[in-house]
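Peer 1: Take a look and give me a structure for this.
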Amino acid sequence: MSDSEADLLDRSAIKSRLSRSEFIRRLILNCKIQEAPPVDYFTLISELRRIGSNINQVLKVAYTKDLVDVPLLRKTLDDYRRTEQMIWKSFSPEDG
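Peer 2: Numbers count the residues shown, from 1 in each chain. Next comes the predicted model:
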């Protein structure tokens with residue numbers, strides 16, 4: 001392996017936050033390798049889940065007191081959940 005190839009291998013492994021040997025094993029097994037998510041990715045997911053929980057609590061109160069357009073609020077919560085899943089799937093490896 002040339003120095004430039006070794007550098008490329010090392011940079012790719014670092015981007016995926018895998019060790020060099022784990023990166024090579026995944027390449028050999030034809031696994032999909034993605035860059036690791038940004039450091040604040042899990043903070044973002046936690047915040048989204050907290051917001052979703054708050055929306056759900058508001059939805060329950062609104063339903064019992066007939067205060068707001070419950071179908072609209074439910075649609076908003078469903079949109080939020082789809083957004084969370086989209087973000088989660090964009091950085092979750094499919095193979096492990």
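Peer 1: okay, CA-based contacts and neighbour counts for the rest of this
Peer 2: Fine.
Peer 1: Show me which parts of the helix or strand hosting residue 5 are buried, residue by residue.
Peer 2: Secondary structure from DSSP states H and E places residue 5 in helix 3-16. Residues 12-13 are the ones in helix 3-16 that count as buried (16 or more other CA atoms under 10 Å).
Peer 1: quick one: it to chain centroid distance?
Peer 2: Counting by CA atoms, centre = their mean, to the nearest Å, helix 3-16 is centred 24 Å from the centre of its parent chain.
Peer 1: Tell me, how many residues neighbour residue 59?
Peer 2: If you count neighbours by other CA atoms under 10 Å, residue 59 ends up with 22.
Peer 1: Report the inter-axis angle for the helix or strand following the helix holding residue 5 versus helix 3-16.
Peer 2: Note on helix 3-16: by DSSP H and E, the next helix or strand toward the C-terminus is helix 20-28. If you take axes from the mean of the first three to the mean of the last three CA atoms, to 10 degrees, helix 20-28 sits at 90 degrees to helix 3-16.
Peer 1: Pull the residues that contact the helix or strand following helix 20-28.
Peer 2: Using DSSP H and E, the helix or strand that follows helix 20-28 in sequence is helix 41-65. By CA atoms under 8 Å, 6 or more residues apart in numbering, the residues outside helix 41-65 that reach it are 68, 70, 73-74, 77, 80-81, 84, 87-88.
Peer 1: Filter those down to the buried ones, PyMOL style.
Peer 2: Remark: buried members of the contacts of helix 41-65, expressed as a PyMOL selection using 16+ other CA under 10 Å:
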select buried, resi 70+73+77+80+84
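Peer 1: Now, the contacts of helix 41-65 that are in strands?
Peer 2: Members of the contacts of helix 41-65 lying in strands (criterion: DSSP state E): none.
Peer 1: Now the two most distant members of the contacts of helix 41-65.
Peer 2: Using CA to CA, the contacts of helix 41-65 reach their maximum pairwise distance at 68 and 88, which is 30.1 Å.
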